[in-house]
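**Student:** give the three-dimensional model of this entry:
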Amino acid sequence: MGMAKLQRRAKFFCIVLCAVVFGAVTILTVKNSSEMQTILEDSVKAQLISISLAARELIDPTKLESYNSPEDINNDAESYQSTLEQLQSLQSKVGARYILHLKKSE
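**Tutor:** Numbering: from 1, shown residues only. Predicted structure coming up:
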């Protein structure tokens, strides 16, 4: 009987140990996943800021604010087209889907 009791204790200890290891691995995986998500969000945010700053350098804000209608763009077609091409080049270089300009409306 002593040997059977020892074997049961060994099995119980093994099961408890496996449960503790499984729990620890699960907790570490969840924590790591959360940290990776935070790192990814920060990386995307930094990339967006970087693209925005690069795009801002290509745009003349005075001219951009003067475009209030398609006619205004047509009257300054050469400058507008040049800026548009530079922005499209930036878009392809950084792999962005869109580069948008948002303008306040009165």
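**Student:** hey, let's count contacts and neighbours off CA atoms from now on
**Tutor:** Will do.
**Student:** what pLDDT does Ser82 get?
**Tutor:** pLDDT, Ser82: 90.
**Student:** that one and Arg9, how far apart?
**Tutor:** Noted for Ser82: a distance of 80 Å to Arg9, by CA to CA, to the nearest Å.
**Student:** secondary structure element for the spatially most central residue of the chain?
**Tutor:** The C-alpha lying nearest the average C-alpha coordinate of the chain belongs to Val44 (CA atoms, centre = their mean; 2.6 Å). According to DSSP states H and E, Val44 maps onto helix 2-58.
**Student:** I'd like the average pLDDT over the helix or strand following that helix.
**Tutor:** Downstream of helix 2-58, the next assigned helix or strand under DSSP H and E is helix 61-66. For helix 61-66, mean pLDDT is 84.
**Student:** list the buried residues for the helix or strand just after helix 61-66?
**Tutor:** Following helix 61-66 in sequence order, the next helix or strand is helix 70-75 (DSSP H and E). Within helix 70-75, the residues that count as buried by 16 or more other CA atoms under 10 Å are Ile73.
**Student:** what's the spacing between Ala77 and Tyr67?
**Tutor:** Taking CA to CA, one finds Ala77 at 11 Å from Tyr67.
**Student:** pLDDT below threshold where in the protein?
**Tutor:** 1, 104-106 (pLDDT under 70).
**Student:** at 90 what do you get?
**Tutor:** Along the chain, segments meeting pLDDT under 90 span 1-10, 34, 48, 52, 55-56, 58-74, 76-77, 79-80, 83-84, 94-106.
**Student:** tell me how far Ser82 lies from Leu40.
**Tutor:** 34 Å.
**Student:** could you do Asn32 as well?
**Tutor:** Taken as CA to CA, the span from Asn32 to Leu40 is 12 Å.
**Student:** do the same with Ser89
**Tutor:** From Ser89 over to Leu40 (counting by CA to CA), the distance is 25 Å.
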